[in-house]
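Student: Please work out how this folds:
(one chain, ligands or ions: 1)
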Amino acid sequence: MKNIVVLISGRGSNLKAIIDAIESGKINAKISLVLSNKKDAKGLEIAKIHGIKAKFVDPAFFASRKGYDIYIAELIRKEEPDLIVLAGYMRILSDEFIEAFEGKIVNIHPSLVPAFQGKKAQKQALDFGSLITGCSVHFVTKELDNGPVIIQAAVPVMPEDTEESLSERILQYEHRIYPQAIKWILEGRVYVEGRKVIVKGAKYGSIPINPSLEDF
Ligand code: GRF
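Tutor: Numbers count the residues shown, from 1 in each chain. Just a heads-up that it's a prediction; the model follows:
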């Protein structure tokens with residue numbers, strides 16, 4: 001069975017969506033480890049409730065980002081993961097880490113990348129006055145929030161939106177496109193050619209989610 005390692009820093013709602021997709025049989029895989037760089041990450045509790053090994057690794061014990069990443073890379077390698085899923089992992093990964101797991105790391109970002117990369121993407125969209133924003137699942141490369149895009153969902157911005165209300169609207173789509181992208185990757189349907197990602201057999205051309213969801 002395919003194996004996933006999930007890296008988190010907080011709430012863990014995307015982690016929960018992935019766990020639900022596994023438990024309902026939509027994704028044929030297991031999560032063998034959830035790693036957090038924050039002790040109080042709620043996602044660690046979610047993992048434990050679902051019988052998943054959950055570990056907090058304290059960055060304070062490491063002199064450098066590289067040192068931390070070498071340590072967690074070793075922990076992750078032992079799990080022999082098919083995929084490393086960043087689900088609200090709020091720490092920039094070192095180049096060495098990304099090279100070690102090239103093509104095997106995915107992330108979700110709450111904007112239609114390349115718009116609004118980096119922190120507080122929803123606030124950036126509001127401040128800019130965007131009328132449509134969204135979320136993207138992409139492969140992780142050395143450039144932050146800039147890797148090849150697998151699936152995107154467009155989400156409208158309302159005049160009365162706050163950062164919280166917009167984030168919540170986008171989150172509902174995150175919880176659908178992330179499990180879908182993971183399922184496609186683990187089924188071997190995702191091909192990357194340079195910056196372009198093709199999901200074999202997927203239906204392209206639909207709005208607001210392209211390619212169309214099949215299972216979520
Ligand atoms: C999500 O908005 C995700 O797009 C971003 O961080 C947030 C994580 O939320 N990368 P959660 O921890 O999955 O609830």
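Student: Give the full set of residues in contact with the residue lying closest to R189 once chain neighbours are set aside.
Tutor: Nearest residue to R189, sequence neighbours excluded (CB to CB, 6 or more residues apart in numbering): K200, at 4.4 Å. C-beta: built from backbone N, CA, C; applies to glycine. By CB atoms under 8 Å, 6 or more residues apart in numbering, the residues touching K200 are R189, V190, Y191.
Student: Of those residues, which is the most crowded?
Tutor: For the contacts of K200, the largest number of neighbours (other CB atoms under 10 Å) sits with V190, at 22 neighbours.
Student: those strands in this structure, which residues are they?
Tutor: With strands called from DSSP state E, the chain shows them at 2-8, 29-36, 54-56, 83-86, 105-109, 132-139, 149-156, 190-193, 196-199, 209-210.
Student: so what strands line up beside the fifth one?
Tutor: I take that to be strand 105-109. strand 83-86 (parallel), strand 132-139 (antiparallel) (DSSP bridges).
Student: Quote the end-to-end distance of stretch 200-212.
Tutor: For stretch 200-212, the first-to-last residue distance is 12 Å (CA to CA, to the nearest Å).
Student: wait, doesn't S212 sit right on K203?
Tutor: Yes - using CB atoms under 8 Å, S212 is in contact with K203, at 4.3 Å.
Student: Neighbour count: these two, which is higher?
Tutor: S212 (14 against 11).
Student: Pull the contacting residues for the more buried one.
Tutor: Per CB under 8 Å, 6+ apart, neighbours of S212: A202, K203, Y204, S206.
Student: Apply the buried test to those residues and list what passes.
Tutor: A202 (16 or more other CB atoms under 10 Å).
Student: sorry, back to before: include pLDDT and distance to the ligand when you put the contacts of K200 into TSV, please.
Tutor: Converted to TSV, the contacts of K200 look like this (pLDDT from 0 to 100; distance: CB to the nearest ligand atom, whole Å):
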residue	pLDDT	distance to the ligand
R189	98	23
V190	98	19
Y191	98	24
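Student: what residues does this structure put near the ligand?
Tutor: With CB under 6 Å from any ligand atom as the criterion, the chain meets the ligand at residues 8, 10-14, 43, 87-88, 108-110, 171, 174.
Student: Of these, grab the buried ones for ChimeraX.
Tutor: To isolate the buried subset of the residues of the chain next to the ligand in ChimeraX, counting by 16+ other CB under 10 Å, use the following:
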select :8,10,12,13,14,43,87,88,108,109,110,171,174
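Student: out of the residues of the chain next to the ligand, which are inside helices?
Tutor: The helices, defined by DSSP state H, take in S13, N14, G43, L171, E174 from the residues of the chain next to the ligand.
Student: Tell me what the residue nearest to the last one when sequence neighbours are not counted is bridged to.
Tutor: Okay, so that is E174. When the adjacent residues along the chain are set aside, E174 lies closest to C135, with 4.8 Å between them (CB to CB, 6+ apart). Here C135 sits in beta bridges with A153, going by DSSP bridges.
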